[in-house]
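Undergrad: Sharing a model that was predicted from the sequence below.
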Amino acid sequence: MGLESYIKDNGFLTTQLNAIIAWARKSSVWPMPMGISCCAIEMMAVGDPKYDIARFGSEVMRFTPRQCDLMIVAGTVTYKMAPVVRKIYDQMPEPKWVIAMGACTSSGGMYRSYSVVQGIDQFLPVDIYLAGCPPRPDNLLHALMKIQDKIGKTKASQFKNLPSDTKDLKLPELNIIQKN
Amino acid sequence: MDLKELIPQKLKVKLSSVNFEITDYKGELTIKIDKKHIVEISKFLKSDPELEFKLCSDVTAVDWATRKNRFTVVYNIFSLKHSFRLRLKVDVDESDCSIDTVSTIWQAANWHERETFDMYGIKFNNHPDLRRMYMPEEFEYYPLRKDFPLMGIPGSLPLPKK
């Protein structure tokens, strides 16, 4: 059985390596559910059969950052919580994306106060800002689709990888928490 | 006998050295005392067999900003025996911003006093563990004081680097 007869029997398609890697990546984005407050309830609703995030290949909510591509920061981030969020983000392997879910996370929201960080983009790179208080589950699905578009447009060679000399990689200081 | 009459009567007899001011507003009894008597009166209210205020539901404070005695420390205590609430109020001035702890009498007051210290900067003398409750240890301000800006002091709370 030669190659020609094999192709004839089974069919084939041609593509680019970049395209197929991007397609594989965007079709199985594994989220890190950073559920800090009430937005997390809507995030849970996304996993239920009605909205069903599994349709987008993202049903595997990993509770360890080391297996995640996408961090969904769902809830009010206080100054005390910020180093924790950052530490979890730093533990995620590259390439990684961030959704700032809801008004609080994007801009402090209604908490115009000394204790709440007025937008997580002060200490995290954010890909999608998601409006709503809390955003509806279909809104979060829309954000996920936008992230998928972004991943789909990125070539494999453009993905940022970990720096080769990892000793320069510094974790944020956690002196506040450790002292307590 | 009604507790509203019993409490002032007992205080007059048993603690004759303590000056107090008692008010009854909408059925809520409030006793205003001097801060040097707080431990004495708390001990009495808890241990007296006819009163038994065994539960300390809350300790907090009020900042009056411009008043002479700037702060008022408020204790909400509860008698499980009579299902009766009582409020103790003690004035504290900013120049001597401290008061004796009641956590030796009510264990529950321990964290309430820490919270009051964190938010108002009132020191509780002889407290076993007077650390901040919510704010970081290094934080230098007291957020619930009237002169603290709502949006905080820029740069006073550290953020991780981007």
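TA: Nice, I can see it.
Undergrad: Tell me where the model's unsure across chain A.
TA: Residue ranges of chain A with pLDDT under 70: A:1, A:157-180.
Undergrad: Tell me how far B:V90 lies from chain A.
TA: Here B:V90 is placed at a distance of 27 Å from chain A (C-beta to the nearest C-beta, to the nearest Å). Just so you know, the C-beta spots here come from the backbone N, C-alpha and C atoms, and that holds for glycine as well.
Undergrad: Which secondary structure state does that residue sit in?
TA: For B:V90, the secondary-structure state derived from DSSP: H, G, I helix; E, B strand; the rest coil is strand.
Undergrad: How many neighbouring residues does it have?
TA: If you count neighbours by other C-beta atoms under 10 Å in any protein chain shown, B:V90 ends up with 22.
Undergrad: Next up, the contacts around it.
TA: B:K32, B:I33, B:D34, B:K35, B:I38, B:T72, B:V73, B:V74, B:Y75, B:I99 (C-beta atoms under 8 Å, 6 or more residues apart in numbering or on different chains).
Undergrad: Give me the residues contacting the helix or strand containing the fifth one.
TA: Meaning B:I38. Per DSSP states H and E: B:I38 is located in helix B:38-47. Residues external to helix B:38-47 that are found in contact with it (C-beta under 8 Å, 6+ apart): B:11, B:14-15, B:18, B:20, B:31, B:33, B:51-54, B:75, B:77, B:86, B:88, B:90, B:99-102, B:104-106.
Undergrad: chain center to that helix: distance?
TA: Helix B:38-47 has its C-alpha centroid displaced from the chain centroid by 13 Å (C-alpha atoms, centre = their mean, to the nearest Å).
Undergrad: buried residues in that helix?
TA: The neighbour-count check on helix B:38-47 (16 or more other C-beta atoms under 10 Å in any protein chain shown) flags B:I38, B:V39, B:I41, B:S42, B:F44, B:L45, B:K46 as buried.
Undergrad: Make CSV from the residues you listed and add pLDDT to it.
TA: CSV is the format used below for these (pLDDT from 0 to 100):
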residue, pLDDT
B:I38, 90
B:V39, 90
B:I41, 90
B:S42, 91
B:F44, 90
B:L45, 90
B:K46, 91
